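Asker: Sequence first, then the predicted structure:
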Amino acid sequence: MSPDRQVFKPRTLILFSLIISILALISTPQSRLALLVKQILPPSLPYFNLRPFHSTRPHPRTMSSYSHEIDIALLAVQRATLLTQKVFHNNAKGTLSKDDRSPVTIGDFGAQALIIAALRHNFPHDEIVGEEEASSLRDNPSLAEQIFALVRESKLDDSSAENRLGGPIKDLDAMLAAIDAGKSSGGSKGRIWALDPVDGTKGFLRGGQYAVCLALMVDGDVKVGVLGCPNLPVDDAAPISADVGGEGKGVLFAAVQGQGATSRPLTEGALASAKTIAMKGVGDITQATFCESVEAAHSSHGDQAAIATRLGITQESVRMDSQAKYGSIARGAGDLYLRLPVRKDYEEKIWDHAAGDLIVREAGGEVTDAEGKRLDFSIGRTLKANKGVVAAPRGVHGKVLEVVKEVLSNK
Ligand SMILES: Nc1ncnc2c1ncn2[C@@H]1O[C@H](COP(=O)(O)OS(=O)(=O)O)[C@@H](OP(=O)(O)O)[C@H]1O
Ligand SMILES: [Mg+2]
Ligand SMILES: [Mg+2]
Ligand SMILES: [Mg+2]
């Protein structure tokens with residue numbers, strides 16, 4: 001065959017392989033090239049849906065163990081939880097009232113600053129949906145200074161761990177900027193962290209349970225979740241209780257999609273080793289324990305009591321603040337978590353559920369709303385498509401949901 005009649009000339013082959021390589025690189029959402037293209041192209045372009053070589057199953061190249069993300073999330077939550085513990089034990093908590101009249105303290109602001117700083121150091125291109133913002137601090141320099149002093153003294157004992165988080169925040173302006181970097185509107189595309197620096201702030205002020213909550217969503221799906229629960233016992237076998245213990249308490253729950261859920265003691269330096277946790281199999285539903293919010297305005301105690309009665313549950317509910325409820329049922333300390341709406345117009349916030357939802361599902365549970373729909377984290381900062389939460393071990397979730405629907409339809 002003469003060179004002129006070759007079907008693939010060497011130059012064509014080189015060009016062809018170059019195009020294939022570029023397409024392969026940009027179809028990997030975390031490649032540097034992909035991130036660069038994402039910054040250049042208008043966000044409306046469905047860029048990350050262009051996966052020319054992928055079937056519906058993820059290509060092995062794009063499957064991630066999220067090992068970096070879970071390591072940083074655990075350390076960042078641990079460091080922030082230690083900060084909140086100092087505030088918890090202090091009488092002056094620097095409390096402000098937000099526009100919706102809910103409380104926020106120096107603990108909430110400080111924890112949000114520390115976690116966002118760590119995320120930005122490690123994942124500078126990721127978006128963050130954080131509960132708090134800094135405008136009230138910009139108008140209140142003395143409170144801002146107080147938070148900055150707290151943030152500066154909150155370091156992990158282990159220097160390697162502290163370095164992985166990027167070390168201390170350099171000045172007050174950088175701290176305010178970090179707090180304000182949690183303003184993403186969320187959504188169904190790309191990597192977005194959901195952060196609740198103190199969940200259950202009312203419980204925190206009351207001296208009850210609270211949690212520091214962080215989750216990573218990729219294309220609207222929760223991949224990584226961590227809960228810091230400083231007032232829960234380390235022992236996974238301890239029966240669920242809202243009592244706040246003395247020294248030696250505090251636990252970190254974590255999960256990565258497809259890799260199960262764990263608990264480990266909260267420490268002040270390097271992470272403690274993790275234990276796998278699992279929900280309890282409920283043989284006889286009448287023996288189940290269920291937990292619910294402390295605040296009657298946050299979930300309907302009346303509907304929840306009616307559901308428990310219909311299920312034949314005789315034990316009193318355990319009223320506990322925060323996502324510590326999700327952690328407690330995930331490790332089998334309790335069985336069910338019911339959160340039925342009080343106000344029809346209230347939209348649950350994604351940061352109040354993202355980490356707990358994944359941890360419970362990875363521990364063998366099912367989490368839906370009151371109609372049986374999975375919680376949809378892909379719509380924005382709130383769970384607009386859902387009403388209420390029903391979390392239970394997989395084997396009994398269907399039965400519980402049936403009764404939830406019955407009780408709600410008879411109202
Ligand atoms: N009306 C209404 N309905 C449902 N949920 C609401 C409502 N108002 C507030 N919130 C959110 O409740 C979060 C605390 O939830 P908890 O389960 O800890 O509630 S409780 O304090 O134990 O009652 C709390 O989270 P934090 O603000 O982080 O504490 C709020 O986001
Ligand atoms: Mg919250
Ligand atoms: Mg909060
Ligand atoms: Mg709040």
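Answerer: The structure has been received and is ready for your questions. Ligands and ions are numbered 1, 2, ... in the order given.

Asker: use CA for all of it now, contacts and neighbours both
Answerer: Fine.

Asker: Minimum distance to ligand 2, which residue of the stretch 151-300 of the chain gives it?
Answerer: D199 (3.6 Å; Cα to the ion).

Asker: Is it correct that that residue is in contact with Q209?
Answerer: No - using Cα atoms under 8 Å, D199 is not in contact with Q209; the gap is 9.1 Å.

Asker: Check the contact lists of those two and give me the overlap.
Answerer: D321, S322 (Cα atoms under 8 Å, 6 or more residues apart in numbering).

Asker: Look at the two and report which has more neighbours.
Answerer: Q209 (29 against 26; other Cα atoms under 10 Å).

Asker: can you tell if stretch 71-88 touches ligand 3?
Answerer: No - Stretch 71-88 lies out of reach of ligand 3 by Cα under 5 Å from the ion, never closer than 11.7 Å.

Asker: Would you mark the buried spots in that stretch?
Answerer: By neighbour count on 16 or more other Cα atoms under 10 Å, the buried set for stretch 71-88 is 72-84, 87-88.

Asker: give me the subset of those residues touching ligand 1.
Answerer: Near ligand 1, judged by Cα under 6 Å from any ligand atom, there are no entries from these.

Asker: What is the nearest of those to P124?
Answerer: P124 has its nearest neighbour among the buried residues of stretch 71-88 in I72, at 13.0 Å by Cα to Cα.

Asker: what about the helix or strand where that closest one lies, average pLDDT?
Answerer: Using DSSP states H and E, I72 falls within helix 67-88. The pLDDT scores in helix 67-88 average 97.

Asker: which strands and helices sit next to it?
Answerer: helix 106-122, strand 211-218, strand 221-229, strand 251-256 (3 or more Cα pairs under 8 Å, 6 or more residues apart in numbering; DSSP states H and E).

Asker: try 7 Å
Answerer: Helix 67-88 makes packing contacts with helix 106-122, strand 211-218, strand 221-229 when contacts are defined by 3 or more Cα pairs under 7 Å, 6 or more residues apart in numbering; DSSP states H and E.

Asker: Please identify the pairing partners of the second one and their relative orientation?
Answerer: So the one you mean is strand 211-218. If you go by DSSP bridges, strand 211-218 pairs up with strand 191-199 (antiparallel), strand 221-229 (antiparallel).

Asker: For this protein, what lies in contact range of ligand 3?
Answerer: When proximity is defined by Cα under 5 Å from the ion, the chain lies next to ligand 3 at D196, V198, D199.

Asker: hmm, try it at 6 Å
Answerer: Contacts of the chain with ligand 3, taken as Cα under 6 Å from the ion, map to D196, P197, V198, D199, T201.

Asker: Neighbours of the third one, how many?
Answerer: For V198, the neighbour count with other Cα under 10 Å is 31.

Asker: For E268, list the residues it contacts.
Answerer: L156, D157 (Cα atoms under 7 Å, 6 or more residues apart in numbering).

Asker: Does it lie in a helix or a strand, and which?
Answerer: E268 belongs to no helix or strand when elements are defined using DSSP H and E.

Asker: got TSV for the strands paired with strand 211-218, with distance to F123 and mean pLDDT too?
Answerer: Listed next are those as TSV, based on distance: least, Cα to Cα, whole Å; pLDDT from 0 to 100:
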stretch	distance to F123	mean pLDDT
strand 191-199	10	98
strand 221-229	14	98
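
Asker: Distance check, the closest residue to V396 other than its chain neighbours against ligand 1.
Answerer: Nearest residue to V396, sequence neighbours excluded (Cα to Cα, 6 or more residues apart in numbering): V282, at 7.0 Å. Separation of V282 from ligand 1 (Cα to the nearest ligand atom, to the nearest Å): 23 Å.

Asker: got it, and A288?
Answerer: 19 Å.

Asker: burial of R138, as a residue count?
Answerer: Counted with other Cα under 10 Å, R138 comes out at 12.

Asker: which SS state does Q209 fall under?
Answerer: Using DSSP: H, G, I helix; E, B strand; the rest coil, the structure places Q209 in coil.
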